[in-house]
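Q: Next comes the sequence, and after it the predicted model I'd like to discuss.
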Amino acid sequence: MAKNKIVIIGGGASGLVAAIVAARNGAKVTILERKDRIGKKILATGNGRCNLTNMHCSSKYFHGGDKDFITNILEQFDVNETLEFFSALGIYPITVDSGKVYPNSLQASSVLDVLRLEVDRLKINIECNAEVTKIERNNNFVVYTKDKKYYGNKIIIAAGGKSSPDLGSNGSGFTLAKSLGHTIKKPIPSLVQLKSGADFLKQIKGVKINALAKIIDENNEIMRKEYGEILFTDYGISGPPILQISRIASDYLNDNKRVSVDIDFFHDLSDKELDQILLKRLTSMPNKTIQENFIGLINKRLINIIIKEAGIAPIKKSADIKKEERNKLVSILKKFSLIITGTNQWNQSQVTAGGILTSEIDEVTLESKKVKDVYLAGEVIDVDGDCGGYNLQWAWSSGVVAGMNASK
């Protein structure tokens, strides 16, 4: 009996594990990768260390598609199975803060290397610089690149989203899925830096502070808050907390809705407690200017901006600061607000929100409900996760499920 021939479009995380599982099941597998080598985006994950997964992984850390759909896929190849899979390939996993899992080498290249070695062992055919332009279905599938045709009984589309196009994904998977009859929820950047038009940003470019970031909607409701290191840039704000809340901002901006970020410099203090601290500083150092008084309280480059936002002259003596002015300072230190005007571009975003609707994909097998024998995996589906290894876990889980079912 002839081997099941599977063509996988995309040689990223989900495409590679799909290929390995399918080949182990006896399928003859070809990977078509548009870049000059496979797995480029893996090398950039976890700041080059590859955050393989997260021990706390569950559907609550994911967005986009139906939660039951996401849970069904994650449970078929969960975190423990992921660790077993990579351990068997030679990766010694270590768990660090917040449940993040890395290879003990702390090198993303280790993860890609063991995947490539397994691909070679299984004699999986890899075609690089092979961007797919069209898929046709007769009795079987014909997959076209610019200069070649590839034939298969089954297709797995694992071409990624639109984030980091220089590393592989450029949105072509959405185009292919749409040509097969799928509906695409508009892709938007996620895990991305946020832009603001505040005129003082150039003055504080490069300033890093540990603070609480809250994303606020047009009704002044807090939609999400995250604590950590925030980086001010000349265009806006960055850092892990900002990336975590960026999906909400991106969503709102896409709908032309107002969105802002409030930064709380003293999240562990109430307004009353912070007011008492300011009162003590002002009374104990009455001859210092308010500018001098704030040295040692907050980052030096932020002082004049905070004072200016409060409408106080920086040379005003501490002894002359009125209660109303002190209240204003407390308010700004607890709620330093930036109106968000945009996000950075696709080449700066880590993941794509949006994609193929999960309602058009079988929630058990990941087979397309539009075209039989076509399977979907990874970022091309309308599922995206938080920072911390969740997006790679989705890639591994969906890749394994697609590869397993396509090779049956």
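A: Received it, and whenever you're ready, just let me know what you need.
Q: From one end of stretch 288-301 to the other, what's the distance?
A: 18 Å (CA to CA, to the nearest Å).
Q: What mean pLDDT does it get?
A: Across stretch 288-301, the average pLDDT comes to 98.
Q: Kindly report the same for stretch 358-373.
A: On average, stretch 358-373 scores 98.
Q: go on, stretch 232-241?
A: 97.
Q: now do stretch 39-57
A: Here the average pLDDT along stretch 39-57 is 95.
Q: buried residues in stretch 108-118?
A: 108-116, 118 (16 or more other CB atoms under 10 Å). In short, each C-beta sits where N, CA and C put it, glycine included.
Q: So G206 sits against F232, correct?
A: Yes. Counting by CB atoms under 8 Å, G206 does reach F232; the two are 7.1 Å apart.
Q: Settle it for me: which of the two has more neighbours?
A: F232 (27 against 9; other CB atoms under 10 Å).
Q: my read: D384 touches S190, true?
A: Yes. Assessed by CB under 8 Å, D384 is found in contact with S190 at 5.3 Å.
Q: what do these two both touch?
A: Counting by CB atoms under 8 Å, 6 or more residues apart in numbering, the residues touching both D384 and S190 are 63, 247, 351-353.
Q: Helices - which of these land there?
A: Using DSSP state H, the subset of these located in helices is R247.
Q: ok, now how distant is the nearest residue in space to T95 that is not next to it in sequence from S398?
A: Residue nearest to T95 in three dimensions, not counting chain neighbours: V101, with 5.3 Å by CB to CB, 6 or more residues apart in numbering. Shown here: V101 relative to S398, a distance of 18 Å by CB to CB, to the nearest Å.
Q: More neighbours: those two, which one.
A: For V101 versus S398, neighbours defined as other CB under 10 Å are more numerous around S398 (31 against 25).
Q: need the longest helix for the protein.
A: Longest helix in the chain, counting by DSSP H: helix 390-406.
Q: how far is that helix from where the chain is centred?
A: With CA atoms, centre = their mean, to the nearest Å as the basis, helix 390-406 stands 17 Å off its chain's centre.
Q: Now it - C-alpha only, PDB.
A: Extracted in PDB, the C-alpha atoms of helix 390-406 (Å, rounded to 0.1, in the frame of the first residue of the first chain):
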ATOM      1  CA  TYR A 390       2.000  29.600  26.300                       C
ATOM      2  CA  ASN A 391       2.300  30.300  22.500                       C
ATOM      3  CA  LEU A 392       5.000  27.600  22.100                       C
ATOM      4  CA  GLN A 393       2.800  25.200  24.000                       C
ATOM      5  CA  TRP A 394       0.000  25.900  21.600                       C
ATOM      6  CA  ALA A 395       2.400  25.300  18.700                       C
ATOM      7  CA  TRP A 396       3.500  22.000  20.100                       C
ATOM      8  CA  SER A 397       0.000  20.800  21.000                       C
ATOM      9  CA  SER A 398      -1.700  21.800  17.800                       C
ATOM     10  CA  GLY A 399       1.200  20.500  15.700                       C
ATOM     11  CA  VAL A 400       1.100  17.100  17.300                       C
ATOM     12  CA  VAL A 401      -2.700  16.900  17.000                       C
ATOM     13  CA  ALA A 402      -2.600  17.900  13.400                       C
ATOM     14  CA  GLY A 403       0.300  15.600  12.600                       C
ATOM     15  CA  MET A 404      -1.200  12.600  14.400                       C
ATOM     16  CA  ASN A 405      -4.600  12.900  12.700                       C
ATOM     17  CA  ALA A 406      -3.300  13.700   9.200                       C
END
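Q: same question for it, mean pLDDT?
A: pLDDT averaged over helix 390-406 gives 98.
Q: what residues are up against T82?
A: 52-53, 393, 396-397.
Q: So it versus Y390, what's the distance?
A: 12 Å.
Q: Show me the common contact partners of those two, please.
A: T53.
Q: on that earlier part again, please say which of D384 and S190 ends up with more neighbours.
A: S190 (29 against 26).
Q: hey, what's that one bridged with?
A: V351 (DSSP bridges).
Q: Thought S250 was touching it, still the case?
A: Yes. S190 is within contact range of S250, at 5.9 Å (criterion: CB under 8 Å).
Q: shared neighbours of those two, anything?
A: With CB under 8 Å, 6+ apart, S190 and S250 have common neighbours A353.
Q: Distance of the nearest residue to S368 once chain neighbours are set aside relative to R137?
A: In space, and not counting its chain neighbours, S368 is closest to V374: 4.2 Å by CB to CB, 6+ apart. Note on V374: its distance to R137, by CB to CB, is 8 Å.
Q: what does E379 give?
A: Following CB to CB, the distance that separates E379 from R137 is 24 Å.
Q: which residues sit in contact with the residue nearest to S368?
A: 135, 141, 154-157, 180, 367-368.
Q: Grab the two from these that are most spread out in space.
A: I135 and E367 (14.9 Å; CB to CB).
Q: Can you show me the strands along the stretch 201-350 of the chain?
A: For the stretch 201-350 of the chain, strands defined by DSSP state E, counting those that start in this stretch occupy the ranges 208-216, 222-232, 236-238, 260-264, 336-343.
Q: Now tabulate those strands in CSV and tack on distance to V7.
A: As requested, the strands of the stretch 201-350 of the chain are exported to CSV (distance: least, CB to CB, whole Å):
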stretch, distance to V7
strand 208-216, 41
strand 222-232, 40
strand 236-238, 39
strand 260-264, 44
strand 336-343, 34
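Q: closest one to G10 among those strands?
A: strand 336-343 (24.2 Å).
Q: Please tell me how far P165 sits from P187.
A: 12 Å.
Q: okay, and the common contacts of those two?
A: Joint contacts of P165 and P187 (CB under 8 Å, 6+ apart) are G171.
Q: how about the helices of the stretch 251-400 of the chain, start to end?
A: Secondary structure of the stretch 251-400 of the chain (DSSP state H, counting those that start in this stretch): helices located at 271-284, 290-293, 300-309, 323-334, 390-406.
Q: Return the most buried member of these.
A: Most buried of the helices of the stretch 251-400 of the chain by mean neighbour count (mean count of other CB atoms under 10 Å) is helix 390-406; its value is a mean of 27.
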